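S.K.: when you get a sec, could you give me coordinates for this:
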Amino acid sequence: MTLLLNCDLGESFGSWTMGVDEAVMPYIDQANIACGYHAGDPVVINNTLTLAKQHGVTVGAHPSYPDLAGFGRRSLNCSMEEIHALLNYQIAALDGMARNHGLELHYVKPHGALYNDMMKRDDIRRTIMQTLAEFHKPLHLMLQATASADQHRHEAETYQLPLYFEAFADRRYDDDGLLLARSKAGAVLNHDDMLQQVQQLQDTQTVTTVSGKTLPLAADTLCVHGDNQAGVDAINQIRQLIHSS
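M.R.: All right, here's what the predicted structure looks like:
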């Protein structure tokens, strides 16, 4: 199976510019579009949707904790009721704007700390799953492919919620199948190691961990980053690599 490529986009805000979305969009399959709580604003969202439609890219919502100052990277002590409501608010906004472009919102990928908390805490993950399952239209949830994938798949089946399991192109994996902490040496792969990891994921659905172990990692989609021209060039190489396999 060919891996899809997903990228976090629409993360500019006001006069602050983040990323090079116009250069990235032609090379990806899925656009995770910020919904205004960690980044993005109505004009940025509108422009990002226009780009997605132009290039035939599938649209996903990228909601977060309400944390503009921290770019959504700080865990907030929200109740499950608050998480349910803040997700509904952000997803509905992106869904409505997408429909005005003749696009269908297809999936949701939580951002930053909300994504990490979803992977660590059963109550948050299940609240997110229930929220998506209760939305007025079918949606996929994108979450990290880990050794707990069977458990997560079983949880999602309870809500009749389809999943996208996500791997990361440029991050080293620890022996437990989670990402190696950025504070540790080698957590972010160099260019050659990144391409090697992508090839391994595509060919064998495995990764080689920081200690050299081989772990199964069945993913549907690959997260790539295009914050600058070098990142865009890397995405282009990744796309060529997986489509030639």
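S.K.: how many residues are close by Phe13?
M.R.: Counted with other Cβ atoms under 10 Å, the neighbours of Phe13 add up to 18. Placement of C-beta: from N, CA and C, glycine included.
S.K.: surely it is in contact with Leu68?
M.R.: Yes - in this structure, Phe13 is within contact of Leu68 by Cβ atoms under 8 Å, at 7.2 Å.
S.K.: shared neighbours of the two, which are they?
M.R.: Common neighbours of Phe13 and Leu68 (criterion: Cβ atoms under 8 Å, 6 or more residues apart in numbering): Ala39.
S.K.: quick check: buried residues in stretch 150-169?
M.R.: His152, Glu155, Ala156, Tyr159, Leu161, Leu163, Tyr164, Phe165, Glu166, Ala167, Phe168, Ala169 (16 or more other Cβ atoms under 10 Å).
S.K.: those strands in the protein, which residues are they?
M.R.: Counting by DSSP state E, one finds strands in the chain at the ranges 4-9, 30-34, 58-62, 105-108, 140-144, 163-168, 206-208, 214-216, 221-223.
S.K.: may I see these arranged in CSV, with mean pLDDT and distance to Asp123 as well?
M.R.: Conversion of the strands of the chain to CSV gives the following (pLDDT from 0 to 100; distance: least, Cβ to Cβ, whole Å):
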stretch, mean pLDDT, distance to Asp123
strand 4-9, 96, 25
strand 30-34, 98, 23
strand 58-62, 98, 21
strand 105-108, 98, 18
strand 140-144, 97, 15
strand 163-168, 97, 18
strand 206-208, 95, 28
strand 214-216, 94, 27
strand 221-223, 96, 25
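S.K.: make CSV from the ones you listed and add distance to Asn88 to it.
M.R.: Below are those laid out as CSV (distance: least, Cβ to Cβ, whole Å):
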stretch, distance to Asn88
strand 4-9, 21
strand 30-34, 16
strand 58-62, 11
strand 105-108, 11
strand 140-144, 14
strand 163-168, 20
strand 206-208, 35
strand 214-216, 35
strand 221-223, 24
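S.K.: so where's the protein shaky on pLDDT?
M.R.: 1, 245 (pLDDT under 70).
S.K.: go through it and flag its longest helix.
M.R.: Taking DSSP state H as the assignment, the helix of the chain that covers the most residues is helix 80-100.
S.K.: got a list of contacts for it?
M.R.: Here helix 80-100 makes contact (Cβ under 8 Å, 6+ apart) with 33, 35-37, 42, 45-46, 49, 59, 61, 63-66, 78, 104-105, 108, 110, 114, 123-124, 127-128, 130-132, 135, 137, 139.
S.K.: pull out the buried residues from that helix.
M.R.: Using 16+ other Cβ under 10 Å as the test for burial, helix 80-100 gives Ile83, His84, Leu86, Leu87, Gln90, Ile91, Ala93, Leu94, Asp95, Met97, Ala98.
S.K.: check contacts around the residue minimising distance to the centre of the chain.
M.R.: By Cα atoms, centre = their mean, the chain has its centre lying nearest to Lys109, at 4.9 Å. Contacts for Lys109 were tallied using Cβ under 8 Å, 6+ apart; they are Asn6, Asp8, Asn32, Gly60, Ala61, His62, Tyr115, Leu141, Met142, Leu143, Tyr164, Glu166.
S.K.: farthest pair in those residues?
M.R.: Asp8 and Leu141 (15.8 Å; Cβ to Cβ).
S.K.: so what's the residue count around the residue lying closest to Asp175 once chain neighbours are set aside?
M.R.: Spatial nearest neighbour of Asp175, excluding adjacent residues (Cβ to Cβ, 6 or more residues apart in numbering): Thr209 at 4.8 Å. The number of residues packed near Thr209 is 18, by other Cβ under 10 Å.
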